[in-house]
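K.L.:
Got a sequence here, can you build the structure:
(2 chains)
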Amino acid sequence: MFPWVYGFEWHPGYLIFLGVFFTVAVVVAGTVLYALWRSFRAVHRKQEGRIYWHTVFEDLAPEERRCRHAITGELPERCCDREFDCRGCRMHARLLYSDEAGARAAASEQAEVCGISLPLDRYYHRGHTWVREGEDGALLVGLDGLGRRLAGGDGIVELPAPGTELRVNEPAFRLRRNGVEARILSPVDGTVEGPACDGEALIRVRPAAGFHTAHLLRGGEAAAWMRHELDRLQVALAASCGAATLADGGGAAPDLGRSLAPREFDTACGLVFLDV
Amino acid sequence: MVERLDEGWIARGVRRAPFDRFLLWAAPWAALLALGAYAIFLCLRDGLFHTNMDNRYVFGLWIFLDLAVIALGAGAFFTGFLLYVLRKTELRAVINSAVVIGLVCYSGAVLILAVDVGQPLRAWFTFYHPNVHSMLTEVTFCITCYLTVLWIEYVPIFLKNRRLALKPSMLVFEYNLHKVMVVFALIGTLLSFFHQGSLGGLFGVLRGRPFAFREGLLIWPSTFFLFVLSAMAVGPSFLALTTWMAEKVTRRRLVKDEVYQTLGRISGKLLLAYVFFKCLDTLLWINQTAPERGFPAHRFYEYGGAFGTWILFTEIALLGLVPALLLLKPEWRARRGLLIAGAAMACLGVTLNRFVFTIQTLALPTLPFDRLLLYWPSWQEFAAFGFVLAYGMLVYSFSYRYLKLFPQERELAMTEAKR
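P.N.:
Okay, here's the model as predicted:
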């Protein structure tokens, strides 16, 4: 049975002891191999993005996981447990903003939060990107005001290559600036068509069949969310770097990359783009 | 330049000491590590004559250290069991720290065992020539397996380092390893149960040492179960104590109060159960086991000095019952000072218990012509002890700096900043 064990005897003591030991060794090795096999399979199926977001979401503090309806005050204290994907959320479906007239009114308005303009003709993602439908049915995707202030003029935003499949909440772009690298999440499901010609947008995306925008913020809730984000940014910078960045009534600096120290900038990027 | 590089490895949103201050903290530990490494080198090169152990005093500081750190490191398996099997989710806040502490304790113990055996290159003999009737074989097998499990449990914590997590394949492996962690938690519990028990059993079966010999259940003496229970009791206490010390050193809040309360409550309950069974065992030993071997129990304490009855009282009452009550009563536990005092006393209690079984057992004479033996370790033994201590401090410090040991740290920092 165990020919490699010197002096082995067919004795209950040997059988039980070595049996247990080898069973444990086999289970440990088998479990590690199983984890390795699942990892290879996940990489092969290109599930890294989904796993990345799942891991990051688990690391977010409850304050960072606040439900969009908690931010607007509808359901105070409610935390999201669906990884910011409201498309399957029953509570969200019940509370869904369905005032079409209001939505049309919002489409023509523009909000401003602490000096950051927030055009309300588009949908916003919690990772500070926006989506707007183009004239030809393609979607235009770009960074919102806060994201642009972090990228600044000299930040490099790496765009996905044309033909890349994007999925909601999976990394789509990479921002590199001041030695800091941050992953930026995709707000849409679809295929990248190429860089956008529109000044504000970064890329054009052909939406996937059945894609809808229930998980994205719009209208008044986008403005409430941006206020919440700026509060969060201020608190997080104070917590991680010991420095307050905004005085009451003040506005965000036009180029945060220049006005923040490297460590603060790093914290801000992680917090804004949900890359903790 | 180096500082920028260093910052790139530190998790986002948490504060860490400047790199030069961290180096200043690590330098004395590194020096102690170097001294210990030299002592270990001497022992391995020349042999164990560098120590003050001999054929009569075969267990010394090192085995005491092994037993103590393995008991204190029990927080790793027990916290894993509570979190992954019993679903005590609030302990997620300290599980990473528990794994690092367990890893440090067990790897330190194995290292010292390798030096103590004196022939580390022949370590494989124990696997190839196992004596299945020996408790020591069980200990060797279980510790080796459990150390492997601890390394595997450490891998996801390590792979979550900010720089490593940038590589998607690392992140995916970390995620999948984390998914199967319940298997390792269960295996860790099984292995820990048996080796903690077998360490106790080692002494309980010493028929020639009536001070340690105990009756028991089937093949297991009572010390088997008492060692398991005491390790389970102090594991959470040691975890609370180390977390509190980390908070004091870093001047940051790392876990919420409820985590301390949970650890204290669990530790208190188990400690009370341990004290109860330890009292029963001691009474049985005084009235039955020892007299049957021809030694009235009071004779073991006639030598006074270091090994008087005070040691029994201190172990059971002062460092057993008192901390159990401190940790059990909610009003006392709610006061951080009392909770930490209780946890520290519990840890000292189990350390004293291991000292009694290792050192006192060998010191007491068993034959009419024997005398009480006193033993004082050589500097090489102390230095090797220091090596494990320094190694533990350095591994924990580096893990704290570059890995996410305390997932609640960011949240707590933000809560404090809000105030």
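
K.L.:
Going by C-alpha atoms from here, please, whenever you check contacts or count neighbours.
P.N.:
Fine.

K.L.:
and residue B:81, how far is that from chain A?
P.N.:
From residue B:81 across to chain A, the span is 16 Å (C-alpha to the nearest C-alpha, to the nearest Å).

K.L.:
check contacts around that residue.
P.N.:
B:185-186, B:189 (C-alpha atoms under 8 Å, 6 or more residues apart in numbering or on different chains).

K.L.:
Point out the ones among those that are inside helices.
P.N.:
When DSSP state H is applied, these are split such that B:185-186, B:189 fall in helices.

K.L.:
which of the residues you listed lies closest to residue B:348?
P.N.:
residue B:189 (23.3 Å; C-alpha to C-alpha).

K.L.:
Contact partners for residue B:225?
P.N.:
By C-alpha under 8 Å, 6+ apart, the contact set of residue B:225 is B:197, B:200.

K.L.:
Angles on the backbone of it, please.
P.N.:
When read as degrees, to the nearest 10, the backbone of residue B:225 gives phi -70, psi -30.

K.L.:
Look at the closest residue to residue A:178 other than its chain neighbours and say how many residues are nearby.
P.N.:
Using C-alpha to C-alpha, 6 or more residues apart in numbering or on different chains and skipping residues adjacent in sequence, the residue nearest residue A:178 is residue A:262, 6.7 Å away. Residue A:262: 17 surrounding residues under other C-alpha atoms under 10 Å in any protein chain shown.

K.L.:
Next: the one 5 residues further on.
P.N.:
Here the count is done by other C-alpha under 10 Å, and residue A:267 has 25 residues near it.

K.L.:
just checking, it touches residue A:238?
P.N.:
No: contact status for residue A:267 versus residue A:238: not in contact, 10.1 Å apart, counting by C-alpha atoms under 8 Å.

K.L.:
which intervals of the stretch 301-419 of chain B have sub-threshold pLDDT?
P.N.:
B:304 (pLDDT under 70).

K.L.:
For it, which residues are neighbours of chain A?
P.N.:
B:407-408, B:410-411, B:413-414, B:416-418 (C-alpha under 8 Å from any C-alpha of the partner chain).

K.L.:
out of those, who has the most neighbours?
P.N.:
Ranking these using other C-alpha under 10 Å puts residue B:410 first, with 26 neighbours.

K.L.:
about what we covered before: using a markdown table, lay out the ones in helices among the contacts of residue B:81 together with neighbour count, distance to residue B:277 and pLDDT.
P.N.:
Output for the ones in helices among the contacts of residue B:81, formatted as a markdown table (neighbours: other C-alpha atoms under 10 Å in any protein chain shown; distance: C-alpha to C-alpha, whole Å; pLDDT from 0 to 100):
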| residue | neighbour count | distance to residue B:277 | pLDDT |
| --- | --- | --- | --- |
| B:185 | 24 | 27 | 93 |
| B:186 | 17 | 25 | 93 |
| B:189 | 20 | 21 | 91 |
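
K.L.:
Listing request: residues of chain A with sub-threshold pLDDT.
P.N.:
A:1-4, A:97-108, A:240-250.

K.L.:
near chain B, which residues of it?
P.N.:
A:4-7, A:13-14, A:17, A:21, A:24-25, A:28, A:31-32, A:35-36, A:38-39, A:42-43, A:48, A:51-52, A:55, A:59, A:61-63, A:235-241, A:263, A:266-267, A:270-271, A:276.

K.L.:
Give me the buried subset of these.
P.N.:
Those of the residues of chain A next to chain B that meet the buried threshold are A:14, A:17, A:21, A:24-25, A:28, A:31-32, A:35-36, A:38-39, A:42-43, A:48, A:51-52, A:55, A:59, A:61-62, A:235-241, A:263, A:266-267, A:270-271, A:276, by 16 or more other C-alpha atoms under 10 Å in any protein chain shown.

K.L.:
was I right about residue B:266 contacting residue B:236?
P.N.:
Yes: using C-alpha under 8 Å, residue B:266 makes contact with residue B:236 at a distance of 7.2 Å.

K.L.:
quick one, which of those two is more surrounded?
P.N.:
residue B:236 (31 against 19).

K.L.:
My read is that that one contacts residue B:267, right?
P.N.:
Yes: using C-alpha under 8 Å, residue B:236 is in contact with residue B:267, at 5.7 Å.

K.L.:
Just the buried positions in the host helix or strand of residue B:261, please.
P.N.:
Secondary structure assigned from DSSP states H and E places residue B:261 in helix B:257-284. Neighbour-count burial for helix B:257-284 flags B:259-268, B:270-275, B:277-278, B:281-282 (criterion: 16+ other C-alpha under 10 Å).

K.L.:
cool, stretch B:291-299 as well?
P.N.:
With the criterion 16+ other C-alpha under 10 Å, stretch B:291-299 contains buried residues B:296-297.

K.L.:
how about the helices in the stretch 151-276 of chain A?
P.N.:
Under the criterion DSSP state H, counting those that start in this stretch, the stretch 151-276 of chain A contains helices at A:219-241, A:256-259, A:262-272.

K.L.:
Turn the ones you listed into CSV, including distance to residue A:70.
P.N.:
As requested, those are exported to CSV (distance: least, C-alpha to C-alpha, whole Å):
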stretch, distance to residue A:70
helix A:219-241, 10
helix A:256-259, 28
helix A:262-272, 18
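
K.L.:
Residue 64: neighbour count?
P.N.:
Chain wasn't specified; assuming chain A. Neighbour tally, residue A:64, other C-alpha under 10 Å: 17.

K.L.:
that's the other chain; I wanted chain B
P.N.:
20.

K.L.:
Report the contact partners of it.
P.N.:
B:354-355, B:358-359.

K.L.:
distance of it from residue B:113?
P.N.:
As for residue B:64, its distance to residue B:113 is 11 Å (criterion: C-alpha to C-alpha, to the nearest Å).

K.L.:
Repeat that for residue B:261.
P.N.:
35 Å.

K.L.:
can you map out the strands along chain A?
P.N.:
For chain A, applying DSSP state E gives strands covering A:110-113, A:116-119, A:123-124, A:129-133, A:139-143, A:156-158, A:165-166, A:171-177, A:180-185, A:190-195, A:201-207.

K.L.:
Which one, of those strands, ends up nearest to residue B:340?
P.N.:
Taking these one by one with C-alpha to C-alpha, strand A:180-185 is closest: 40.1 Å.

K.L.:
and that closest one with strand A:129-133, angle?
P.N.:
40 degrees (axes from the mean of the first three to the mean of the last three C-alpha atoms, to 10 degrees).

K.L.:
I'm done for today, thanks for sticking with me.
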